[in-house]
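Trainee: Coordinates for the following, if possible.
(one chain, ligands or ions: 1)
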Amino acid sequence: MPNKTLTVTDNRTGKSFDFPILEPTIGPDVVDISEFYKNTGMFTFDRGFTSTASCRSRITYIDGGEGKLMYRGYDISYLATQKSFLDTAYLLLHKELPTKEQLDSFSLELKKRSFVHESMKKLFDAFPDNAHPMAILSSAVAALSTFYFDHLDLDSPEEVMEMAHRIVAKIPTIAAFSYRYSNGLPVIYPDLSKGFTENFLYMLRGYPHHHVELSPIEVQALDTIFTLHADHEQNASTTAVRVVASTHAHPYAAISAGIGALWGRAHGGANESVIRQLELIDNVDNVEKYIAKAKDPNDPFRLMGFGHRVYKNFDPRATILKKLRDRLSDELNINSQYVEVANKIEQIALNDEYFVSRNLYPNIDFYSGLILDALKIPKEMFAVIFVIGRTPGWIAQWIELKEQPDMKIARPRQLYLGPNDRTPQ
Ligand code: CMC
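Mentor: Residues are numbered from 1 along each chain as shown. Okay, the predicted model is just below:
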């Protein structure tokens, strides 16, 4: 038994049980309850996993009270302002920031893998017009294993890295194709002369034989958005990825599950909901009415882009994006009417007892929507942008899980409240 333990006493029997306390590098200590059921005969109950550490991880650290976020020990503001998304993706996948040569080689390897099998077009063709790009994206990623069935040996680190590169490289292409097909537009193939982020914008906006003007500032803004989304420890979609991976399913299946989990408006779908909510509120005179709705316990209306399970302070990603939004407001033609509405929401909410007492601060999605809108990215693509950014994080978490020798299938228990013994005797 380690030095530090937590003693739990069952006050029905007076029996006490000791549980080891594990110490992290930083952050709260963690009580190891893996033997809880074996020792006590009881399960623990943790609605929404608010108090449960589901794994050991060395990837991302969040201090929700301080509003701090680090990927592999690097502060998010350093990565978002000094490094590119590809630097960050490399850091997540390879555990260290790349040298110039490593970055160039990583970029080249991704370019080589950025095309998708021509037969995949039949898959895209099968979806009806106006199909949501997130639906197409998750289906197409799940289908990747049917087109790329080599390098699937999950026990070989080289093959695992091949899959990792393949997924990071192909997701932007599939994402752009999803949008093009859902709008009846011709697909645009990757342009190998362009960098990762520029190429994605090009595939989204381009037309065959037509030059597309992409300003460096647009590319830089989107690159920063990708970096800010690259990982976020054990959030709902990452947990979905890990749960699927724990069954030894293929990574394409795990990432597809992550995309499904991310889509909901409580998670990655919030950025689309924020902009739709700004459209609904429309002007500053309506803000108070909607704040009152958000506070009404009998009204399901929630202020989208506010609140977070972990951050009980400013979301550091939101702070970076707010600065970016304000810095780019003229150059990117950010919708000033909606900025005014957003500013008024923020100003009221940050001083309102309801939001203050619940520690509800603006999160990343509160600001990303207006920037994406100014980048002329269609609203239904906002969650897809989140997916492109989050993919290296999901894969890093998947690799980490596979590297842990004591990895167990994720299999929680329940508090059963249903009927008993109804079968006629
Ligand atoms: N508007 C109004 N009230 C809220 C909001 C909101 N956006 N968020 C939380 N609350 C209230 C909630 O009603 C509850 O009040 P009470 O204690 O009176 O019942 C209290 O605050 C705690 O909320 P919760 O739902 O128990 O908190 P949670 O940790 O389970 O949920 C959340 C976190 C992000 C799902 C939630 O805050 C929310 O729905 N926010 C809006 C959607 C959103 O912006 N999501 C993006 C999250 S950031 C991107 C990402 O990483 O996914």
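Trainee: which residues sit in contact with the closest residue to the ligand within the stretch 301-425 of the chain?
Mentor: For the stretch 301-425 of the chain, the residue closest to the ligand is G307, as judged by C-beta to the nearest ligand atom, at 2.3 Å. In short, each C-beta sits where N, CA and C put it, glycine included. Shown in contact with G307 (C-beta atoms under 8 Å, 6 or more residues apart in numbering): 358, 360-361, 363.
Trainee: Would you mind giving me the PyMOL syntax to select the buried ones in those?
Mentor: To isolate the buried ones among the contacts of G307 in PyMOL, judged by 16 or more other C-beta atoms under 10 Å, type:
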select buried, resi 360+361+363
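Trainee: of the contacts of G307, closest to L92?
Mentor: Checking the contacts of G307 against L92 by C-beta to C-beta gives N363 as the nearest, at 20.9 Å.
Trainee: Give me the pLDDT value at the closest one.
Mentor: Looking at N363, its pLDDT reads 92.
Trainee: got the contact list for it?
Mentor: 270, 305-308, 311, 315, 317-318.
Trainee: mind showing which ranges of the stretch 51-200 of the chain have poor pLDDT?
Mentor: Residue ranges of the stretch 51-200 of the chain with pLDDT under 70: 151.
Trainee: Any residues of it in contact with the ligand? List them.
Mentor: Within the stretch 51-200 of the chain, no position lies close to the ligand (C-beta under 6 Å from any ligand atom).
Trainee: all strands of the stretch 51-200 of the chain, in order?
Mentor: In the stretch 51-200 of the chain, the segments counted as strands under DSSP state E, counting those that start in this stretch are 60-63, 68-71, 74-75.
Trainee: can you redo those as CSV with mean neighbour count?
Mentor: As requested, these are exported to CSV (neighbours: other C-beta atoms under 10 Å):
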stretch, mean neighbour count
strand 60-63, 20
strand 68-71, 22
strand 74-75, 16
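Trainee: Which one of these lies nearest to T247?
Mentor: So among the strands of the stretch 51-200 of the chain, strand 60-63 is nearest, using C-beta to C-beta, at 23.1 Å.
Trainee: who's in contact with that closest one?
Mentor: By C-beta under 8 Å, 6+ apart, strand 60-63 touches 25-27, 68-73, 231-233, 310-311, 393.
Trainee: and the gap between K100 and the ligand?
Mentor: 32 Å (C-beta to the nearest ligand atom, to the nearest Å).
Trainee: Then K112?
Mentor: From K112 across to the ligand, the span is 32 Å (C-beta to the nearest ligand atom).
Trainee: List the contacts of the nearest residue to that residue once chain neighbours are set aside.
Mentor: Leaving aside its chain neighbours, K112 sits nearest to A169 (7.6 Å; criterion: C-beta to C-beta, 6 or more residues apart in numbering). Each residue near A169 by C-beta under 8 Å, 6+ apart is listed here: 109-114.
Trainee: Kindly indicate which of the contacts of G307 lies nearest D125.
Mentor: Sorting these by how near they are to D125, with C-beta to C-beta, puts N363 at the top with 37.0 Å.
Trainee: Quick check, pLDDT for the closest residue to that closest one other than its chain neighbours.
Mentor: Sequence neighbours aside, D315 is the residue nearest to N363 in space, at 4.4 Å (criterion: C-beta to C-beta, 6+ apart). The per-residue pLDDT reported for D315 equals 92.
Trainee: what does P208 give?
Mentor: For P208, the model assigns a pLDDT of 83.
Trainee: Return the residues in contact with it.
Mentor: 186, 188.
Trainee: quick one: it from V187, how far?
Mentor: According to C-beta to C-beta, to the nearest Å, P208 and V187 sit 9 Å apart.
Trainee: Check which strands are paired with the lengthiest strand in the chain and give the direction for each one.
Mentor: The single longest strand within the chain, with elements called by DSSP state E, is strand 16-22. Looking at strand 16-22 with DSSP bridges, its partner strands are strand 5-9 (antiparallel), strand 30-31 (antiparallel).
Trainee: closest one to the ligand among those strands?
Mentor: Proximity to the ligand (C-beta to the nearest ligand atom) singles out strand 30-31 among these, at 19.3 Å.
Trainee: Just the residues contacting that closest one, thanks.
Mentor: 6, 19-24, 53.
Trainee: 7 Å instead?
Mentor: 6, 19, 21-22, 24, 53 (C-beta atoms under 7 Å, 6 or more residues apart in numbering).
Trainee: by contact count, what packs against the next helix or strand after it?
Mentor: As assigned by DSSP states H and E, the chain's next helix or strand after strand 30-31 is helix 36-40. Helix 36-40 sits against strand 16-22, with contacts defined as 3 or more C-beta pairs under 7 Å, 6 or more residues apart in numbering; DSSP states H and E.
Trainee: Any chance you could give me the strand it packs on in PDB, C-alpha atoms only?
Mentor: Extracted in PDB, the C-alpha atoms of strand 16-22 (Å, rounded to 0.1, in the frame of the first residue of the first chain):
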ATOM      1  CA  SER A  16     -13.000   0.600   7.000                       C
ATOM      2  CA  PHE A  17     -11.200   0.300   3.700                       C
ATOM      3  CA  ASP A  18      -8.000   2.000   2.500                       C
ATOM      4  CA  PHE A  19      -7.600   3.200  -1.100                       C
ATOM      5  CA  PRO A  20      -4.300   4.300  -2.600                       C
ATOM      6  CA  ILE A  21      -3.900   8.000  -3.400                       C
ATOM      7  CA  LEU A  22      -2.000   8.500  -6.700                       C
END
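Trainee: Could you tell me which residues within that strand count as buried?
Mentor: Residues 17, 19-20 are the ones in strand 16-22 that count as buried (16+ other C-beta under 10 Å).
Trainee: tell me the mean pLDDT over it?
Mentor: Strand 16-22 carries an average pLDDT of 97.
Trainee: how long is stretch 79-96 from one end to the other?
Mentor: Counting by C-alpha to C-alpha, to the nearest Å, you get 12 Å between the two ends of stretch 79-96.
Trainee: Distance check, E218 against A342.
Mentor: Distance, E218 to A342, by C-beta to C-beta: 20 Å.
Trainee: higher neighbour count, these two?
Mentor: Set E218 next to A342 and count neighbours by other C-beta atoms under 10 Å: A342 wins out with 27 against 22.
Trainee: and that one, that's in a helix?
Mentor: Yes - assessed with DSSP: H, G, I helix; E, B strand; the rest coil, A342 lies in a helix.
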